[in-house]
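# Below are the sequence and a predicted model for it; my questions follow.
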Amino acid sequence: MAQLLVRKLDEGLKAKLRRRAARHGHSTEEEVRQILSTAVRKGEPVRSRPLGTRFAARFSGIGLTRPIGALRGQDARPAGFFG
């Protein structure tokens, strides 16, 4: 396997990567490998998918079957919890 050395990495970024890796339950090194793999495989930035698409992917295993439409350009409305 090849190795890659990244010099002059900002300490704040390094700390964020470490925290993100901890949330995902693996090492910082593995987190960076997954980020790079995803970015290269998709040919786009890691977080470039629309929020609705990410929600649909996240919750598809628990019964979310309808698409979540884009809300760009629409006014915000309060949720209708009581009637």
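In hand now; what should we look at?

# wait, isn't Ser27 in contact with Ala21?
Yes. With contact defined as CB atoms under 8 Å, Ser27 counts as touching Ala21 (5.9 Å). Using the backbone N, CA and C atoms, a C-beta is placed for each residue, glycine as well.

# So if I had to pick from the two, which one is more boxed in?
Just comparing Ser27 and Ala21: by other CB atoms under 10 Å the higher neighbour count belongs to Ala21, 18 against 12.

# can you pull the contacts of the more buried one?
Contacts for Ala21 were tallied using CB atoms under 8 Å, 6 or more residues apart in numbering; they are 27-28, 30-31.

# Filter the residues you listed down to just the buried residues.
Neighbour counting with 16 or more other CB atoms under 10 Å marks Glu31 as buried within those.

# In TSV, list the contacts of Ala21 along with distance to Lys42.
Output for those, formatted as TSV (distance: CB to CB, whole Å):
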residue	distance to Lys42
Ser27	23
Thr28	22
Glu30	19
Glu31	17
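
# Filter the contacts of Ala21 down to just the ones in helices.
28, 30-31 (DSSP state H).

# Only alpha carbons, please: show the helix or strand bottoming out on mean pLDDT in the chain as CSV.
The weakest-scoring helix or strand in the chain, judged by mean pLDDT, DSSP states H and E, is helix 51-59 (a mean of 77). Only the C-alpha atoms of helix 51-59 are listed here, as CSV (Å, rounded to 0.1, in the frame of the first residue of the first chain):
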residue,chain,number,x,y,z
LEU,A,51,-29.4,18.1,2.2
GLY,A,52,-32.7,16.3,1.2
THR,A,53,-30.6,13.6,-0.7
ARG,A,54,-28.4,13.1,2.4
PHE,A,55,-31.5,12.8,4.7
ALA,A,56,-33.1,10.3,2.3
ALA,A,57,-29.9,8.2,2.2
ARG,A,58,-29.5,8.4,6.0
PHE,A,59,-33.1,7.3,6.8
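
# Tell me the buried residues in that helix?
Neighbour counts using 16+ other CB under 10 Å place Ala56 of helix 51-59 among the buried residues.

# If anything else comes up later, I'll come back, but that's it for now.
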